[in-house]
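1. okay, here's the prediction I keep looking at, along with the sequence it came from:
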Amino acid sequence: MTKKNRLIICGGGIVGITIAREAALSKKFSEIRLLEKDDNLGTHSTTRNSGVIHAGFYYSPESKKAKFCSAGNKLMREYCIKNNIKTKRCGKVVVTRNQKEEEILFELFDRGKKNGCDLEIFKKEKLSEFESLALTYKNFLWSPNTWSISPHELLICLIKECKSLNVNFMTGEKILTAGNDYIKTSKNNKFYFDFLINTCGGYSIEVAKIFGIETNYRLLPFKGLYLKSSQKLKKFKRHIYPVPDMKQPFLGIHTTITSEDYLKLGPTAIPVLSPENYSLFEGLDFSLSKEILLLQLNLLANNEFGFRDLAFREIQYLIKKNILKKASELTSENLETINFKWHSPGIRAQLFNKTTKRLENDFVLINKENTFHVLNSISPAWTCSFINAKEMISIICEKIKT
Ligand SMILES: Cc1cc2nc3c(=O)[nH]c(=O)nc-3n(C[C@H](O)[C@H](O)[C@H](O)COP(=O)(O)OP(=O)(O)OC[C@H]3O[C@@H](n4cnc5c(N)ncnc54)[C@H](O)[C@@H]3O)c2cc1C
């Protein structure tokens, strides 16, 4: 007898695991398998990020990011509280350095209101009531729901819950080929599915190709380096962010407080050659690096979307003192007096759109028959993971009904 509604999820990061949980809770699937190529779950951007539950005011109101982030923020905070995951309810201030940035600050406020965020804008004089160490030009934004948690702690909790719901986690299983209703993996296993969801992060676009999906996107990965204080610091009360360059999906070097009270500076956005290329040769994937290098050289030559300026600016952050200098624009605290160490970097699996010649700013979901492909799961996909999982499973449940 064939089993009905067998679900396979490829990719064991936060996006895949929250979908597995939601699928199990729905009780609509006879079998839920999650296949991960590595020996452990969640070892890539899922646990190599800032651990900041974003509020959702950066994104243009018609985007999927805007639709998901504020609701995702609420769901993730509620999940953490319910499951006793340690939260740092610090909130964040967004500050400016000049008049031009003031205009962006008001645009962010406007977006935030349209996106349903709890957000306020105040005059400089009030800043010390929120964060006495922050600096601003004339005004600042206050976002009370931007909290921190430990991505590791969340991951462990989710895995435990999924196991109790009978999700079958299979590690060391890299998807290599596929037929209409089956996939084959690196362990030479063949698994049949009725629905398949590709949540392979930086490799999603490659996995989509296995299913015959060709897109106008190319992977253009950027490395996020951090400096982390060697000791816990109680004097910073809030995250301090600059206003971002609205044309790019990166937020600029900022200061964050971890759930364990360490101070982090970063992350950078340094171009790298593969989705797991954490240091010079570590994680270098030669099957992708040539194409990525050619794209980077082309973008450098033509400075499309300001790539050359971005690359030269970010490369200087390979030197510690340049990160300290940049972060010092946000605070009156002398950061040179704090001992910082390099912290494990993460890689932003950013997509470049060959047609528009721009970075794709939004999440991308492609559906082909009974397969679904989550592409460009860049920040704030971690914050959005619970709400994204709900949406994804409701789309599949609709298909099951018909
Ligand atoms: C530096 C940095 C800081 C960030 N800060 C934040 C933040 O503060 N807040 C926020 O909301 N977001 C943040 N993000 C974004 C967030 O981390 C990502 O959006 C999120 O982790 C994406 O999760 P994922 O599950 O899609 O990807 P991943 O965690 O990369 O998981 C994908 C998984 O798929 C597996 N895989 C790949 N190929 C295959 C295959 N062929 N077969 C089987 N498995 C495969 C991989 O091994 C991996 O485990 C940040 C990202 C970075 C890089």
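-> It's in.

2. okay, buried residues for the longest helix seen in the chain please.
-> For the chain, the longest helix by residue count, based on DSSP state H, is helix 64-82. Of the residues in helix 64-82, those buried under the neighbour-count criterion (16 or more other Cβ atoms under 10 Å) are 64-77, 79-80. Every residue, glycine included, has its C-beta placed from N, CA and C.

3. kindly report the same for stretch 90-110.
-> If you call a residue buried by 16+ other Cβ under 10 Å, then stretch 90-110 has these buried ones: 90-96, 101-102, 104-105, 108-109.

4. and if you look at stretch 226-236?
-> Buried residues in stretch 226-236 (16+ other Cβ under 10 Å): 226-229, 236.

5. out of those residues, the closest to the ligand would be?
-> Comparing those against the ligand with Cβ to the nearest ligand atom places residue 226 closest, at 7.3 Å.

6. hmm, the closest one is touching residue 342, no?
-> Yes: using Cβ atoms under 8 Å, residue 226 is in contact with residue 342, at 7.3 Å.

7. next one: phi and psi at the closest residue to the ligand within the stretch 1-150 of the chain?
-> Taking Cβ to the nearest ligand atom as the measure, the stretch 1-150 of the chain has residue 13 as its residue closest to the ligand, at 2.2 Å. Backbone torsions of residue 13, given as degrees, to the nearest 10, read phi -100, psi -170.

8. isn't it right up against residue 49?
-> No: between residue 13 and residue 49 there is no contact under Cβ under 8 Å: 10.3 Å.

9. would residue 157 count as being in a helix?
-> Yes: counting by DSSP: H, G, I helix; E, B strand; the rest coil, residue 157 falls inside a helix.

10. ok, for it, nearest residue in space, not its chain neighbours?
-> residue 83 (5.0 Å; Cβ to Cβ, 6 or more residues apart in numbering).

11. from residue 34, how far out is residue 166?
-> Residue 166 sits 12 Å away from residue 34, taking Cβ to Cβ, to the nearest Å as the criterion.

12. neighbour count for these two, which is higher?
-> Applying other Cβ atoms under 10 Å to residue 166 and residue 34 shows that residue 34 carries more neighbours, namely 27 against 10.

13. shouldn't that one be within a helix?
-> No: looking at residue 34 with three-state DSSP, it is strand, so not inside a helix.

14. per-residue pLDDT of it, please?
-> For residue 34, the pLDDT comes out at 98.

15. partner residues bridging it?
-> Beta-bridge pairing of residue 34 under DSSP bridges involves residue 9, residue 169.

16. separation between it and residue 167?
-> Using Cβ to Cβ, residue 34 is found at 6 Å from residue 167.

17. same thing with residue 126?
-> Counting by Cβ to Cβ - residue 126 and residue 167 are separated by 47 Å.

18. of these two, who's got more company?
-> Counted by other Cβ under 10 Å, residue 126 and residue 167 do not tie: residue 167 has more neighbours, with 23 against 12.

19. the more buried one: what's it in contact with?
-> Residues in contact with residue 167 (Cβ atoms under 8 Å, 6 or more residues apart in numbering) are 20-21, 23-24, 32-34.

20. of those residues, buried ones?
-> The neighbour count (16+ other Cβ under 10 Å) marks 20-21, 23-24, 32-34 as buried among the contacts of residue 167.

21. show me the helices in the stretch 101-250 of the chain, by range?
-> Using DSSP state H, counting those that start in this stretch, the helices found in the stretch 101-250 of the chain span residues 127-130, 151-164, 204-210.

22. single out the most deeply packed of those helices.
-> helix 204-210 (a mean of 21; mean count of other Cβ atoms under 10 Å).

23. and that one, what does it pack onto?
-> strand 175-178, strand 195-198, strand 217-219, strand 371-375 (3 or more Cβ pairs under 8 Å, 6 or more residues apart in numbering; DSSP states H and E).

24. from the ligand, how far off is the closest residue to residue 370 other than its chain neighbours?
-> Counting by Cβ to Cβ, 6+ apart, residue 370 lies nearest to residue 195, which is 5.0 Å off, once chain neighbours are set aside. Using Cβ to the nearest ligand atom, to the nearest Å, we find residue 195 at a distance of 16 Å from the ligand.

25. quick check: residues of this protein near the ligand?
-> When proximity is defined as Cβ under 6 Å from any ligand atom, the chain approaches the ligand at 10-16, 35-38, 44-46, 48-52, 54, 174-175, 199-203, 207, 224, 267, 346-348, 377-383.
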